[in-house]
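In: Below is the sequence, then the predicted model.
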Amino acid sequence: MSHPFFQFKQFTVFHDRCAMKVGIDGVTLGAWTPVDNAKKILDIGTGTGLIALMLAQRSTAEIDALDIDKQAIEQARFNVENSAWKIRIRLFETSLQEYHSVCTTAYDVLVCNPPYFINSKKSSIVARNMARHAESLTHEELIDFSFDLLKPDGTLCVILPVEEGLQAISHALANNWYAHQMVFVFPKPAAKAKRLLIQLGKKEKITRISRLAIETEQRHEYTDEYKNLVKNFYLKL
């Protein structure tokens, strides 16, 4: 699901017509990511700035946000400057790889709605390819570079299609990470899970596995659990 813009209770996110629309993956990740007591957050591949703004609303943290796309950063800057949290959000037009090489900050939370198609047909639109195909930042690179940027008790939160998510978890577990949470996201209760919310950390914990259904069996009728998750953002749902 996507819209020309998302109007939340405390801010409105706009996007250029040529850019990728704000989607339900980003909204779900921004509402779900644990940010209790977080002081420093890094949003990787910020796009319109949606997740950075949501986490700013949910916390008192200072938030850094990266994107390699100039148009995306310009759009995010517009959205941030017209929000109540502009003094807590910094934007950088750079890749995670480049940022990793110069960053001296240790973060409590890293969050990413990453490129997710590994083997699929590409569109003719460059921006769409960058947003959807794991070439500029592979899932393995995301996990490996994130490890160095996190505090010892920090966490990395991502949303991926289920198959790619399980592959990412397998890579993480083989490289000194622990899976703290896995939430299988279903478009409808009786449908097949389409997305996987993942929380990884450096500290060993028992993995919590749960499920989340977005809609009831009726189109555009949202489940109580999903409405409860995002209720602090939407004007109406």
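Out: In hand now; what should we look at?

In: dump the residue contacts of Tyr107.
Out: Listed by C-beta atoms under 8 Å, 6 or more residues apart in numbering, the contact set of Tyr107 reads Lys40, Ile41, Leu42, Asp64, Leu149, Leu150, Lys151, Gly154. For glycine as for every other residue, the C-beta is placed from the backbone atoms N, C-alpha and C.

In: out of these, which are buried?
Out: Lys40, Ile41, Leu42, Asp64, Leu149, Leu150, Gly154 (16 or more other C-beta atoms under 10 Å).

In: Tell me which of the residues you listed fall in helices.
Out: Leu149 (DSSP state H).

In: Now flag whichever of the buried ones among the contacts of Tyr107 is closest to Lys236.
Out: Nearest to Lys236 among the buried ones among the contacts of Tyr107: Ile41, at 27.7 Å, using C-beta to C-beta.

In: Tell me the pLDDT of that closest one.
Out: Listed pLDDT for Ile41 reads 98.

In: The chain should start at 200 in everything you say after this.
Out: Sure thing, new numbering starts at 200, so read that last one as Ile240.

In: In contact with it, which residues are there?
Out: 234, 251, 254, 258, 260-263, 306-310.

In: again, 10 Å this time
Out: 232, 234, 250-251, 254-255, 257-258, 260-264, 287-288, 306-310, 353, 356 (C-beta atoms under 10 Å, 6 or more residues apart in numbering).

In: Just to be sure, which of those are found in strands?
Out: Applying DSSP state E to those, the entries found in strands are Glu261, Ile262, Asp263, Ala264, Ile288, Tyr306, Asp307, Val308, Leu309, Val310, Gly353, Cys356.

In: Can you tell me how far the nearest residue to the first one once chain neighbours are set aside is from Phe385?
Out: Right, the one you point to is Glu261. In space, and not counting its chain neighbours, Glu261 is closest to Arg287: 5.3 Å by C-beta to C-beta, 6 or more residues apart in numbering. Arg287 is 34 Å from Phe385, where distance means C-beta to C-beta, to the nearest Å.

In: now do Cys302
Out: 36 Å.

In: Arg407 too?
Out: 17 Å.

In: ok, the two, which is more surrounded?
Out: Counted by other C-beta atoms under 10 Å, Arg407 and Phe385 do not tie: Phe385 has more neighbours, with 17 against 11.

In: Could you find the closest non-adjacent residue to that one?
Out: Using C-beta to C-beta, 6+ apart, the closest residue to Phe385 is Ala412 (4.6 Å).

In: Tally up the residues packed near that neighbour, please.
Out: With neighbours defined by other C-beta under 10 Å, the count for Ala412 comes to 20.

In: which residues does it contact?
Out: Ala412 is in contact with 383-390, 392, 421-425, counting by C-beta under 10 Å, 6+ apart.

In: what about 7 Å?
Out: Counting by C-beta atoms under 7 Å, 6 or more residues apart in numbering, Ala412 touches Phe385, Lys387, Pro388, Thr422, Glu424, Tyr425.
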